[in-house]
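In: Any chance you could fold what I've pasted below:
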Amino acid sequence: MGGGRMLPILGAFRHHIFLRTSSLTASTPRAFTSQIIKSPSLLSLDLSDSWSSPSKQSEQSYTAEEYSNNCIAKIIDGKAIAENIRSRIASEVSRMKELIGHVPGLAVILVGQRRDSQTYVRNKIIASEEVGIKIKMISLPENCDECEVCNVLCRFNKDPSIHGVLVQLPLPQHLDEAKILNVINVEKDVDGFHPVNMGNLAMQGMEPLFIPCTPKGCIELLVQSGVEITGKKAVVIGRSNIVGLPMSLLLQRHHATVTVVHDFTKKPEKITREADILVTAAGVANLVRGSWLKPGVVIVDVGTNPIEDRRSEHGYRLIGDVCLEEAIRTASAITPVPGGVGPMTVAMLLYNTLLSAKRAFNFT
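Out: As a prediction, this is how the structure comes out:
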């Protein structure tokens, strides 16, 4: 039984040479990356550790009172940054269509009727159509079995017009998420959740074909906002496979010193107060209060939490994991909810899909 579960991973392992060098091949030139996004390839970041004697360098410090009196946090406009990236993607898709007569194709599988998942899928469809990416969407019933989902995945894996395949998460509890994600062709895994892509994200000297969209979008927000990551203390709240885990790995690849806070962490507020960069992905409204924050911290709030609001058109509004009203007096910069990380997640999905199509067509 154990050997049977290993077969899909062993099958995917045959791609390891391609994965190791994918970012350096002619099909994915560095110029293309720099044209659309600013975060560098992971291989270009790799450095060997070279320990030296402890230095007595002092860091500039601020008291909370000093910082709050002088500054109000800069709002990192994820919507504006994402629109700029999407505009560049649209131009590249148009160029591809003009020169070779093909456009990227994205397939999305939605299982069940979760309202939030339906909203996310609708946003992906709209965004894809706006930049010229062809999209196919398959909706399966809540009570479908794994074989039905896997059969659809296999069909898209073999379809040469499809360059990105994703299953909208979370899946209904009766489905084995890991097994289903492992069926996706690693070369079309634009969500970046395949075990091979996640494994290569974790290892120095390796480059995943795709980095998960939300963590990739968070890094791009930091880079485009001029935030220094190397050598900084970063705290990630949450350890999900979708955000927390890959976010912590990606920050390490950018040479931050990373601590992960989760449900079982003792005194999380004490740990969080040490962060120069704080990424929250707990899914708990207003979990992080002003007292949790170090003066001058940069906050990336991934949380999207609906709370009742009778004044809102839909009867609710979205807020993040961080209490914005309190954080804005202490932080140096913060992403809003909505309008921060969300648009960047979609933009990175489009970017990954374009990247996959360029590899498939060897288009430069």
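In: okay, CA-based contacts and neighbour counts for the rest of this
Out: Will do.
In: Please verify my assumption that residue 223 contacts residue 40.
Out: No. Here residue 223 does not reach residue 40: they are 9.4 Å apart, not a contact under C-alpha atoms under 8 Å.
In: How far away from the center of its chain is the helix or strand harbouring residue 109?
Out: If you go by DSSP states H and E, residue 109 is part of strand 105-111. Distance of strand 105-111 from the chain centroid (C-alpha atoms, centre = their mean, to the nearest Å) equals 18 Å.
In: and it, what other elements does it pack with?
Out: Contact here means 3 or more C-alpha pairs under 8 Å, 6 or more residues apart in numbering; DSSP states H and E; on that basis strand 105-111 packs against helix 115-131, strand 134-140, strand 164-167, helix 341-361.
In: now the last one against strand 105-111, angle please.
Out: For the pair helix 341-361 and strand 105-111, the angle between their directions (axes from the mean of the first three to the mean of the last three C-alpha atoms, to 10 degrees) equals 130 degrees.
In: Quick one: list the elements packing against helix 341-361.
Out: So helix 341-361, by 3+ C-alpha pairs under 8 Å, 6+ apart, packs with helix 78-100, strand 105-111, helix 115-131, strand 164-167, helix 213-224.
In: give me that answer again for 7 Å
Out: Here helix 341-361 touches helix 78-100, helix 213-224, going by 3 or more C-alpha pairs under 7 Å, 6 or more residues apart in numbering; DSSP states H and E.
In: Restricting to C-alpha, output the first one in CSV.
Out: Read that as helix 78-100. The C-alpha coordinates for helix 78-100 follow below in CSV (Å, rounded to 0.1, in the frame of the first residue of the first chain):
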residue,chain,number,x,y,z
GLY,A,78,-2.0,45.8,-3.9
LYS,A,79,-4.8,46.6,-6.4
ALA,A,80,-2.7,49.3,-8.2
ILE,A,81,0.4,47.0,-8.3
ALA,A,82,-1.7,44.1,-9.5
GLU,A,83,-3.3,46.2,-12.3
ASN,A,84,0.1,47.2,-13.5
ILE,A,85,1.3,43.5,-13.6
ARG,A,86,-1.9,42.5,-15.4
SER,A,87,-1.5,45.2,-18.0
ARG,A,88,2.0,43.8,-18.8
ILE,A,89,0.7,40.3,-18.9
ALA,A,90,-2.0,41.4,-21.4
SER,A,91,0.6,43.0,-23.6
GLU,A,92,2.7,39.8,-23.6
VAL,A,93,-0.4,37.6,-24.4
SER,A,94,-1.2,39.9,-27.3
ARG,A,95,2.3,39.6,-28.6
MET,A,96,2.2,35.8,-28.3
LYS,A,97,-1.1,35.7,-30.2
GLU,A,98,0.2,38.0,-32.9
LEU,A,99,3.5,36.1,-33.4
ILE,A,100,2.6,32.5,-33.0
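In: i'd like the first residue to be 54 from this point on
Out: Right, with 54 as the first residue, what we last looked at is helix 131-153.
In: any idea how far it is from the chain center?
Out: Taking mean C-alpha positions (C-alpha atoms, centre = their mean), helix 131-153 and its chain are 19 Å apart.
In: outside of it, which residues touch it?
Out: Residues outside helix 131-153 that contact it (C-alpha atoms under 7 Å, 6 or more residues apart in numbering) are 89-90, 155-156, 184-185, 274, 392-394, 396-397, 400, 404.
In: Using neighbour counts, trim the residues you listed to the buried set.
Out: 89-90, 155-156, 184-185, 274, 393-394, 396-397, 400, 404 (16 or more other C-alpha atoms under 10 Å).
In: Would you agree residue 352 falls within a strand?
Out: Yes. Residue 352: assigned to a strand according to DSSP: H, G, I helix; E, B strand; the rest coil.
In: That one against residue 334, yeah?
Out: No. Judged on C-alpha atoms under 7 Å, residue 352 makes no contact with residue 334 at a distance of 11.2 Å.
In: how about the helices in the stretch 254-403 of the chain?
Out: Along the stretch 254-403 of the chain, the segments classed as helices by DSSP state H, counting those that start in this stretch run 266-277, 297-306, 321-325, 377-380, 394-414.
In: Give me the buried stretch members for the fourth one, please.
Out: When you say that, I think you mean helix 377-380. Here helix 377-380 shows 377, 380 as buried, counting by 16+ other C-alpha under 10 Å.
In: Report all helices and strands that it contacts.
Out: By 3+ C-alpha pairs under 7 Å, 6+ apart, helix 377-380 packs against no helix or strand.
In: contacting residues around that helix?
Out: 342, 343.
In: Ok, stretch 236-247 next?
Out: Contacts for stretch 236-247 (C-alpha under 7 Å, 6+ apart): 65, 203, 206, 210, 216-219, 234-235, 251, 262-266, 402, 405-406, 409.
In: circling back to that earlier point, next, format the helices of the stretch 254-403 of the chain as CSV and append distance to residue 257 and mean pLDDT.
Out: Shown next, in CSV, are the helices of the stretch 254-403 of the chain (distance: least, C-alpha to C-alpha, whole Å; pLDDT from 0 to 100):
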stretch, distance to residue 257, mean pLDDT
helix 266-277, 17, 98
helix 297-306, 7, 98
helix 321-325, 26, 98
helix 377-380, 34, 96
helix 394-414, 21, 98
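In: right, so of the ones you listed, which gets closest to residue 164?
Out: helix 394-414 (19.1 Å; C-alpha to C-alpha).
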